[in-house]
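Visitor: pasting a predicted model and its sequence here:
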Amino acid sequence: MTPPVSNTTRDVFSAVSASIAAVLRDTGRSPRPLEPSTLLSADIGLDSLDLAQTVVILERTLAVDPFRTAPAEGGRPAIRTVGDLVSLYERAVAATSNQFTNQADFSERVSEK
Amino acid sequence: MTIASADAVSLSHLFPTILDAPVEDRLATAICAVAAEVPDRAAIVSSAGVNIGSTSTLYQRSTTDYANLARRITQLEARLAETRPIGIVARAKRVESLIAIAAACGRQHVPLAILAEDARDLIGELHDWLILDDSLIVPDLPPGTLPRSEFETVPPRIVVATSGTSGPPKLVDHSWDSLLAAARLAEQWQGRGWLLVYDATRWAGIQVWLQALLTGGRIVVPASRDPDTVVRAVVDDEVAILPGTPTLLRRVLTSADRDLLSGNVVERITLGGEAADGPLLEMVQEVFPRAKVTQVYATTELGEVFRVTDGKAGFPAAWIGKSLPGGAHVRVRRDGELLVQLHRDTAEVATGDLVEQTGDRYEFVGRRSDVIVVGGAKVYPKRVEEVLRDVPGVVEARVYAVPSPITGELVAAEIVPAAEADGGRIRDAAIARCREKLEPHAVPRVVDCVEKTATTAAGKTPRRGR
C-alpha cells in the first residue's frame, strides 16, 4: 500500500496553494501567487472560516488532517504563513506514510513466520 | 379479475366485525374477512428489479391476493398454537411474509419483534425468541429446551426498533393498541391502493400496511426508491394514497419524468417524518391537483400529535394553547422549541423541533439536533436548502454539517444540477446566491454536485457526516 501522494514539499505546497485558490474563488476574491512567506491573514485575508474550508479541501486531496490529530509535545506551532501550513501538512503526510511503511514491515514479518 | 373490478366491491360493511375483534386479532380478522368475500382481491403488489445484462433492468410484478395471505396466516397460526414459542422475531424480507407473521402472532398471542435491517444486532436482547424468515417454517421446539408462551388474556407485546436517526437503534415496547391507534376504518379509506416506500419494518411502514389491510386495500411496493420506479408503480398500480417523507416526495417530483405521472389517480398524500416547506407543498399541488395533502406531526415518543390539512407549511398560530382534535396541547418555549402535552394527565414533552412565527403561522425551522454550529453561530440547514433550491439549474439540495477542528462545524451541501447542465457553473452560481442571501457562516463551504442527495433508511435527510 502506498500513501495517497508523495510527500515532497513541492506536492504539498501545490496542494496548499490550490486549496487556498479554491477558497478565494468560492468567496469571490481573486487568487494571487503564493510564496512560503505569504501571510495567511494579513496578505490574503483568510479568516477562520476560510482556514476551516482550506483544511477540509486538503483533507480530501492529501487524506490527512493534522488539526484533528493531537499536537506533538510543546503544542502545535502557530500557523501564520503559507510555509507554516505546508510544513504542518508535510509532517502529517510523512507520519501517515511511515505508518504505512511500518505496517508493510509488520505484515512481511508476520508472513515470514 | 382485474384490480379495478375486484376493488369495485365495497367492504366497509366488514368494519364493525373487524372493530369488534380484540385489538390484537384485528389484522388477521380483517385479512380473513376480506379473503372470504373477495378472495382474489390483490393485497400486495410488489415489483422487483431483475438485471438483464449490464445496463437494463426488467421489473417483475408479483401479486399476493387476500386468499393467499389469509391461508399463510391460518397455517402459521396452527403451528404457533402447537409450538407456543416464547416470542417471534420477524426476519422476513418479503412484505407478505412479514404481514403473515404479524397477523398470526397477534391472534395467537405470541410476542412479536419487528426489527429493521440496522437493528439486527439487537436480536441478542430477545433471549430464546424464535427467528422466522420468509419460509414461515416454525421448527418443533425440543421439549423442555425453551420456555413456552402462555395464551394470556392480556394482549401480547410488540417490539419495534427505533430508526436510529438520532443515536443507535434501540428496542421499544409497543402494544397492538398503540400500533393501531391511528388506523381509520371508514368508507373513504376502503379498497384503496397504498404506496409503500417506507421500510415495512419501521414504524411509518408498519402504519401503512396495517391501515391498508384493515380497510381491504392494496399495498403497492415499488422495486426501489428510484424516482422513475416509484412513479411507474404509482401510475401502473393505481396508487390512491401516497404516504412519504418530504425528502422522498421531493426527490420523486424533481427527478422523475413528470409526463409519466399524467395518468395518476392519487387522492391523498400524507407527509410525515419531517417538516414540509412551502415550495414543496406548492409543487405537490401542481403535480397532484386532485390530491388532498395531509401533514402528520408525530414523534417517536408521543406518536401522532396533530395533522395539518390546509396545504400550507407549518401550523396555525391560533393552535397554541388550545386543545387540538385528539386532545393534545402545544406550546412554544421562549427558545422556539415546540412543547407537546398529549393529554391533560400526561407530562409535557420537549419535541426537539424548533418553530418560528411568521404572521398567523408557526413554521418548522428544523430539529434542534440538526442545527449546525459554526464558530458558535447557529445555522438552520433547511433555510440554506431553500436558498439553494431557488437557484436556477439546482434540482435538489441537501445541507449538512461536517466537523471542523477550527470552527467546530462547517456547512456543507450536496446539489443535484439539472440534467445536461454545467455542474461547475451551477455550483458557482449556488455559492454566489448563498453569499448574497445568507450570513457568512451559513454559506456552504463544501459544495458537491451529486446525482442524488443522500437519504437515511427511514427516507429522511441526514444532517451529519462528510
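Guide: Nice, thanks for sending it over. Residues are numbered from 1 along each chain as shown, chains lettered A, B, ... in the order given.

Visitor: okay, now the unreliable bits of chain A?
Guide: Flagging of chain A using pLDDT under 70 yields the residue ranges A:1-7, A:70-76, A:99-113.

Visitor: what about the helices in it?
Guide: A:9-26, A:48-62, A:82-112 (DSSP state H).

Visitor: got JSON lines for the ones you listed, with mean neighbour count and distance to chain B too?
Guide: In short, each C-beta sits where N, CA and C put it, glycine included. Listed next are these as JSON lines, based on neighbours: other CB atoms under 10 Å in any protein chain shown; distance: least, CB to the nearest CB, whole Å:
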{"stretch": "helix A:9-26", "mean neighbour count": "18", "distance to chain B": "5"}
{"stretch": "helix A:48-62", "mean neighbour count": "21", "distance to chain B": "4"}
{"stretch": "helix A:82-112", "mean neighbour count": "15", "distance to chain B": "12"}
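
Visitor: a markdown table for those, including distance to B:Glu37?
Guide: Listed next are those as a markdown table, based on distance: least, CB to CB, whole Å:
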| stretch | distance to B:Glu37 |
| --- | --- |
| helix A:9-26 | 65 |
| helix A:48-62 | 61 |
| helix A:82-112 | 68 |
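
Visitor: of those, which is nearest B:Ala223?
Guide: B:Ala223 sits nearest to helix A:48-62 of all the helices of chain A, at 34.2 Å, using CB to CB.

Visitor: ok, and what's touching the closest one?
Guide: Applying CB atoms under 8 Å, 6 or more residues apart in numbering or on different chains, the external contacts of helix A:48-62 come out as A:4-5, A:12, A:15-16, A:18-20, A:22-23, A:26-27, A:40, A:46, A:64-65, A:67, A:79, A:85, A:89, A:92-93, B:374-375, B:402, B:404-407, B:410, B:412, B:440-441, B:445-446.

Visitor: ends of stretch B:137-150, how far apart?
Guide: In terms of CA to CA, to the nearest Å, the two terminal residues of stretch B:137-150 are separated by 20 Å.

Visitor: which ones are touching the one residue in chain B that gets nearest to chain A?
Guide: Nearest residue of chain B to chain A (CB to the nearest CB) works out as B:Pro405 at 3.6 Å. When contacts are counted by CB under 8 Å, 6+ apart, B:Pro405 touches A:52, A:55, A:65, A:67-68.

Visitor: and B:Glu304, by the same measure?
Guide: Listed by CB under 8 Å, 6+ apart, the contact set of B:Glu304 reads B:181-182, B:296-298, B:326.

Visitor: let me know the secondary structure of it.
Guide: Per DSSP: H, G, I helix; E, B strand; the rest coil, the local secondary structure of B:Glu304 is strand.

Visitor: which one is it nearest to, not counting chain neighbours?
Guide: Nearest non-adjacent residue to B:Glu304, counting by CB to CB, 6 or more residues apart in numbering or on different chains: B:Ala298, 4.4 Å away.

Visitor: assign the one you found to helix, strand or coil.
Guide: Following three-state DSSP, B:Ala298 is assigned to strand.

Visitor: and the pLDDT at it?
Guide: B:Ala298 is assigned a pLDDT of 85 by the prediction.

Visitor: okay, now it: neighbour count?
Guide: 18 (other CB atoms under 10 Å in any protein chain shown).

Visitor: buried ones in stretch B:333-352, by neighbour count?
Guide: Residues B:338, B:340-342, B:351-352 are the ones in stretch B:333-352 that count as buried (16 or more other CB atoms under 10 Å in any protein chain shown).

Visitor: re earlier: ranking the contacts of B:Glu304 by neighbours, who comes first?
Guide: For the contacts of B:Glu304, the largest neighbour count, defined by other CB under 10 Å, is 23 neighbours, found at B:Tyr297.

Visitor: do you know how far it is from B:Phe364?
Guide: 9 Å (CB to CB, to the nearest Å).

Visitor: before we move on, back to that, surely the residue nearest to B:Glu304 touches B:Gly326?
Guide: No - if you go by CB atoms under 8 Å, B:Ala298 and B:Gly326 don't touch, sitting 11.1 Å apart.

Visitor: common neighbours of those two, please.
Guide: Counting by CB under 8 Å, 6+ apart, the contacts common to B:Ala298 and B:Gly326 are B:304-305.

Visitor: rewinding a little: for B:Gly393, which of the helices of chain A is the nearest?
Guide: Among the helices of chain A, the nearest to B:Gly393 by CB to CB is helix A:9-26 (17.3 Å).

Visitor: who touches that closest one?
Guide: Residues outside helix A:9-26 that contact it (CB under 8 Å, 6+ apart): A:5, A:30-32, A:34, A:36, A:44, A:46, A:50, A:53-54, A:57-58, A:61-62, A:82, A:85-86, A:89-90, A:93, B:431, B:445, B:447.

Visitor: contacts only, for the residue nearest to B:Ala90 when sequence neighbours are not counted.
Guide: Leaving aside its chain neighbours, B:Ala90 sits nearest to B:Ile101 (4.4 Å; criterion: CB to CB, 6+ apart). Contacts for B:Ile101 (CB under 8 Å, 6+ apart) come out as B:76, B:88, B:90, B:92, B:112, B:132, B:136.

Visitor: could you rerun that using 10 Å?
Guide: Contact analysis of B:Ile101 by CB atoms under 10 Å, 6 or more residues apart in numbering or on different chains lists B:72-73, B:76, B:80, B:88-92, B:110, B:112, B:114, B:132-134, B:136, B:138.

Visitor: report pLDDT for it.
Guide: Reported pLDDT for B:Ile101: 97.

Visitor: SS state for it?
Guide: Using three-state DSSP, the structure places B:Ile101 in helix.

Visitor: residue in chain A nearest to chain B?
Guide: A:Phe67 (3.6 Å).

Visitor: neighbours of that residue, how many?
Guide: Using other CB under 10 Å, A:Phe67 is surrounded by 18 other residues.

Visitor: ok, and the closest non-adjacent residue to it?
Guide: Closest residue to A:Phe67 apart from its sequence neighbours, by CB to CB, 6+ apart: B:Pro405 at 3.6 Å.

Visitor: tell me the phi and psi of the one you found?
Guide: When read as degrees, to the nearest 10, the backbone of B:Pro405 gives phi -70, psi -10.

Visitor: which of the helices of chain A sits closest to B:Arg368?
Guide: With respect to B:Arg368, and counting by CB to CB, the nearest of the helices of chain A is helix A:48-62 at 23.1 Å.

Visitor: now the closest one against helix A:9-26, angle please.
Guide: 130 degrees (axes from the mean of the first three to the mean of the last three CA atoms, to 10 degrees).

Visitor: before we move on, back to that, what residues are shared contacts of B:Tyr297 and B:Phe364?
Guide: Common contact partners of B:Tyr297 and B:Phe364 (CB under 10 Å, 6+ apart): B:275, B:314-315, B:338, B:353.

Visitor: quick one: contacts for A:Val82?
Guide: So A:Val82 contacts A:13, A:16-17, A:20, A:34-40, A:43-44, A:46 (CB under 10 Å, 6+ apart).

Visitor: switch the cut-off to 8 Å
Guide: A:Val82 touches A:13, A:16-17, A:20, A:34-38, A:40, counting by CB under 8 Å, 6+ apart.

Visitor: phi, psi of the residue nearest to it when sequence neighbours are not counted?
Guide: Closest residue in space to A:Val82, ignoring its immediate chain neighbours: A:Thr38 at 4.6 Å, by CB to CB, 6+ apart. Per-residue torsions, A:Thr38: phi -60, psi 130 (degrees, to the nearest 10).

Visitor: ok, A:Thr38 touching A:Thr81?
Guide: Yes - in this structure, A:Thr38 is within contact of A:Thr81 by CB under 8 Å, at 6.2 Å.

Visitor: quick one, what contacts the residue lying closest to B:Arg157 once chain neighbours are set aside?
Guide: Excluding its sequence neighbours, the residue lying closest to B:Arg157 (CB to CB, 6+ apart) is B:Pro111, at 4.7 Å. With contact taken as CB under 8 Å, 6+ apart, B:Pro111 is in contact with B:86-88, B:105, B:129, B:149, B:156-159.
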